[in-house]
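Enquirer: task: produce atomic coordinates for the following.
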Amino acid sequence: MESKPLSFDDSETVLTYMEPNFRFNLALKIPLIRTAEKAASLIINRLELHDNRFLVNDTEYSVRVLRGCQAKIKSYGTKEYDFDNNVFEIDYDGRIQPGDIIFAELGTGCGTGSKSEEFKHVCHKKSSLPCNHFIHLIDSESTYMYMKMYVLVKRLLAFLFGNRNGKWTIENLNLKEKMLPWPANRRKPIALNVEIGDYSQLKLDTLQSIIGSSVPSTSLEMSFSFLYKSLSDHPILESAENVIISNDLSHPPHRALFDLFSIETQNVSITTEVPAAYHERLISKLMEKTRPIGVRYSILTGSKINLTTINRPEELEKSKDCIKLAMGSEAVAVVQYKAINSKTWLNMEIVSREI
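Expert: Just a heads-up that it's a prediction; the model follows:
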């Protein structure tokens, strides 16, 4: 039977249903399909970005430094960080390149960190050759001389994700690093579930610049210190269907906890326990202004207060674990304790008022 080459459209269809890592590897080995690969729709279940490594679904792409002693009198193995010719670690400030995306304040700007104790060895053998640093791409036989790890990571990310013009979706995106060598793109990815680590307005601004806004995120998860920061609304928070916040457990909730109600997200959850001593104040803050029907705040708590002890002019009905308060003429704030998976939550939801 005579074989026939696939058309461009057929190639796109086949590539769309391939496992992403197999597809990337195929494009790496067959340059003729790279245009079709960039144009085909791409669905990634998980993209997790770390310093000098990243995960695509269950496959990890990892870069290490291999220092070799050419005199062959000492073995160093591989290391997970970059260092300069004087064996000082290169910090974030020393790695920034044009186009890199900054997620947080990086440091002093000196570009170097501490000196590596492991690489202080000096060859004393007569006429010995110098010790050289090489970059090794794990699970590959390739060795890259005279290139820093962050440069190789940037090139690898650019090859896999840069200049895509087809629709691509990331179901779970984890961005916890301070700096991201994110490649230029003709089309931004849709990110359904996003985790950003520590909250900051800078991170949210940056996230907004790299993901598409045509489809809102299903959830945005972040950690937050109510002791040291204030929380304010942001278009990324407004567009997310669910915002999940875990606060710093080393400190009790602070007054910034009440900034929670500045977020206009449909569903907001705090997943670390808030003491019962704050519950009445949270209810008072909720009632300070009229809120849209459908908004819900869920707060994990280890204890409860008797809601019949709360007296408010908006009161419609109340019991030990539930109180309903009028919010204008068309809405009701339903505040109640609920047990979910053996945990107690304080739920505050705005529902339509039945007349």
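Enquirer: and stretch 187-202, how far apart are its ends?
Expert: Its start and end residues considered, stretch 187-202 measures 22 Å (C-alpha to C-alpha, to the nearest Å).
Enquirer: same thing with stretch 204-216?
Expert: OK, stretch 204-216 end separation, C-alpha to C-alpha: 14 Å.
Enquirer: so which bits of it are buried?
Expert: For stretch 204-216, burial by neighbour count (16 or more other C-beta atoms under 10 Å) applies to 204, 206-207, 210-211. Using the backbone N, CA and C atoms, a C-beta is placed for each residue, glycine as well.
Enquirer: which among those residues gets closest to S298?
Expert: Closest to S298 out of the buried residues of stretch 204-216 is L204 (21.1 Å), distances taken as C-beta to C-beta.
Enquirer: correct me, but the closest one touches D233?
Expert: No. At 9.8 Å, L204 does not count as touching D233 under the criterion of C-beta atoms under 8 Å.
Enquirer: now do the helix ranked longest in the chain: which elements does it pack against?
Expert: If you go by DSSP state H, the chain has its longest helix at helix 149-161. The helices and strands touching helix 149-161, judged by 3 or more C-beta pairs under 8 Å, 6 or more residues apart in numbering; DSSP states H and E, are helix 20-29, strand 53-56, strand 59-69, strand 131-137.
Enquirer: contacting residues around the second one?
Expert: The one in question is strand 53-56. Residues outside strand 53-56 that contact it (C-beta atoms under 8 Å, 6 or more residues apart in numbering) are 20-21, 24, 44, 46-48, 60-63, 80, 153, 157, 160.
Enquirer: and I350, that's in a helix?
Expert: No. When classified by DSSP: H, G, I helix; E, B strand; the rest coil, I350 is found to be strand rather than part of a helix.
Enquirer: in the sheet, who's paired with it?
Expert: Beta bridges link I350 to A333, judged by DSSP bridges.
Enquirer: L286 versus that one, what's the distance?
Expert: Per C-beta to C-beta, to the nearest Å, I350 is found 9 Å from L286.
Enquirer: mind listing the shared neighbours of the two?
Expert: Going by C-beta under 8 Å, 6+ apart, residues that sit against I350 and also against L286 are A333.
Enquirer: what about S329, how many neighbours?
Expert: 8 (other C-beta atoms under 10 Å).
Enquirer: please report how far the residue lying closest to it once chain neighbours are set aside lies from G294.
Expert: Once flanking residues are discounted, S329 sits nearest to R353: 7.2 Å by C-beta to C-beta, 6 or more residues apart in numbering. Look at R353 and G294: by C-beta to C-beta, they are 13 Å apart.
Enquirer: okay, the two: which has more neighbours?
Expert: Legend: neighbour count by other C-beta under 10 Å for R353 and G294, higher for R353 (15 against 12).
Enquirer: domains in the protein, as residue ranges please.
Expert: Following the assignment in automatic domain parsing, the chain carries domains at 59-152, 216-355.
Enquirer: let me see the mean pLDDT of the longest one.
Expert: Going back to what we said before, that points to domain 216-355. The average pLDDT for domain 216-355 rounds to 87.
Enquirer: for stretch 30-38, buried residues please.
Expert: Buried, per 16+ other C-beta under 10 Å, within stretch 30-38: 33, 36-38.
Enquirer: ditto for stretch 192-207
Expert: Under 16+ other C-beta under 10 Å, the buried positions of stretch 192-207 are 192-197, 199-200, 203-204, 206-207.
Enquirer: ok, now stretch 333-343?
Expert: By 16+ other C-beta under 10 Å, the buried positions in stretch 333-343 come out as 333-337.
Enquirer: and for stretch 157-167?
Expert: 157-158, 160-161, 164, 166-167.
Enquirer: kindly report the same for stretch 44-58.
Expert: For stretch 44-58, by 16+ other C-beta under 10 Å, it's 44, 47-49, 51-57.
Enquirer: same check on stretch 12-32?
Expert: Buried-residue list, stretch 12-32, by 16+ other C-beta under 10 Å: 12, 15-16, 18, 20-21, 23-24, 27.
Enquirer: from those residues, which is closest to S219?
Expert: P20 (21.7 Å).
Enquirer: now do that closest one, the pLDDT please.
Expert: 93.
Enquirer: now P98
Expert: Per the predicted model, pLDDT is 63 at P98.
Enquirer: element containing V268, please.
Expert: Using DSSP states H and E, V268 maps to strand 267-270.
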